[in-house]
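Engineer: Fold the following.
(one chain, ligands or ions: 1)
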Amino acid sequence: MSFQVDNLSLSLGSDKILHDISFTLERGQVTGLLGRSGCGKSTLAKAMVGIHQVNQPCLKIDGTIFQPRFGKTGHKIQYMWQDPHMALSPFLSAVRSVEEAMETQKGTTKTLRYEKAQDLLHKVGLTPSLMQKRPHALSGGQCQRIALARAIAAQPEFLILDEPFSALDLVTQKNIISLLSNLQQLYNFGLMIISHDLRTLWRLADKLILIDQGRIIEDRPTSDFIHTPRHALTKTFASFALSET
Ligand SMILES: Nc1ncnc2c1ncn2[C@@H]1O[C@H](COP(=O)(O)OP(=O)(O)OP(=O)(O)O)[C@@H](O)[C@H]1O
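Structural biologist: From the prediction side, this is the model:
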């Protein structure tokens, strides 16, 4: 199964933010989307999930055009917000938040959903006492991990994570990267991870896409992207990542 973005352009107010963006996400693959701050990464993700409306028919699943409606297409495409508090209801405990994402799934019972929610929260490193807390009583990194568990609980076909590691310390970051890799292999969803830090992406991603000023300037397998970069900006990203390892 593939998710194609075909010549997507988008203006917000009077500013054109995205210009003729085309690429494909494949189920079972990890794609890293990177670029400098303000280049349009989050805007692109929000257009892909229907938070920003696109007028042209430029989104396709397996070649069939679809108009995403945020929430309604949630079972197929999950988006994890850059600000984790945006992903979570302030009224629900961590475990209820994850449970809620499974409510429309057939063949589950309340007990099963509760057990699965606890298991997913345990996998993202949340202790039992934190599972009962609501977002206001949790840190940004803890909310980020709950949002990740919630997104995975919805059994998406494609999962888009916007800066999922930004509020995590290095040890938790490393744990979550290996957890994501395991979960992605287990559930076989297509994963797109947005970041401006190539070091967090290159071990996880099968391919990398670089955006600059709302345009794709490189879209290549990770190894080619790092070792034989074509564009000057790709070279800068690659050399910085290589020098830091
Ligand atoms: N709702 C909006 N209305 C108008 N302009 C917007 C809106 N949201 C974002 N922009 C502008 O669109 C451009 C791209 O923003 P976006 O958030 O997509 O960048 P980004 O690459 O995700 O940046 P960062 O890495 O800093 O999160 C920026 O110039 C931003 O000011």
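Engineer: Buried residues in stretch 25-32, which are they?
Structural biologist: 25, 29-32 (16 or more other CB atoms under 10 Å). For glycine as for every other residue, the C-beta is placed from the backbone atoms N, C-alpha and C.
Engineer: what does stretch 29-44 give?
Structural biologist: Applying 16+ other CB under 10 Å to stretch 29-44 flags 29-35, 39-44 as buried.
Engineer: Just the ones in strands from those, please.
Structural biologist: Of those, the ones assigned to strands by DSSP state E are 30-35.
Engineer: if I pick Leu121, what's in contact with it?
Structural biologist: 94-95, 98, 130-131, 145-146, 149 (CB atoms under 8 Å, 6 or more residues apart in numbering).
Engineer: Residues in contact with the worst-scoring helix or strand of the chain on mean pLDDT: which ones?
Structural biologist: One helix or strand of the chain scores below all others by mean pLDDT, DSSP states H and E: helix 84-87, with a mean of 77. The contact list for helix 84-87, computed with CB under 8 Å, 6+ apart, reads 80-81, 135, 140, 143-144, 146-147, 150-151, 167.
Engineer: Show me what the helix ranked longest in the chain is packed up against.
Structural biologist: Criterion DSSP state H: the longest helix present in the chain is helix 170-187. On a contact count with 3 or more CB pairs under 8 Å, 6 or more residues apart in numbering; DSSP states H and E, helix 170-187 meets helix 140-153, strand 190-195.
Engineer: Just the C-alphas of the longest one, formatted as CSV.
Structural biologist: It stands for helix 140-153. Presented in CSV, the C-alpha positions along helix 140-153 are these (Å, rounded to 0.1, in the frame of the first residue of the first chain):
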residue,chain,number,x,y,z
GLY,A,140,6.3,17.4,27.8
GLY,A,141,8.4,14.2,27.2
GLN,A,142,5.9,12.0,29.1
CYS,A,143,3.0,13.5,27.1
GLN,A,144,5.0,12.9,23.9
ARG,A,145,5.4,9.2,24.8
ILE,A,146,1.7,8.9,25.6
ALA,A,147,0.8,10.6,22.3
LEU,A,148,3.0,8.0,20.6
ALA,A,149,1.3,5.1,22.4
ARG,A,150,-2.1,6.6,21.5
ALA,A,151,-1.2,6.9,17.8
ILE,A,152,0.0,3.3,17.6
ALA,A,153,-3.1,2.1,19.5
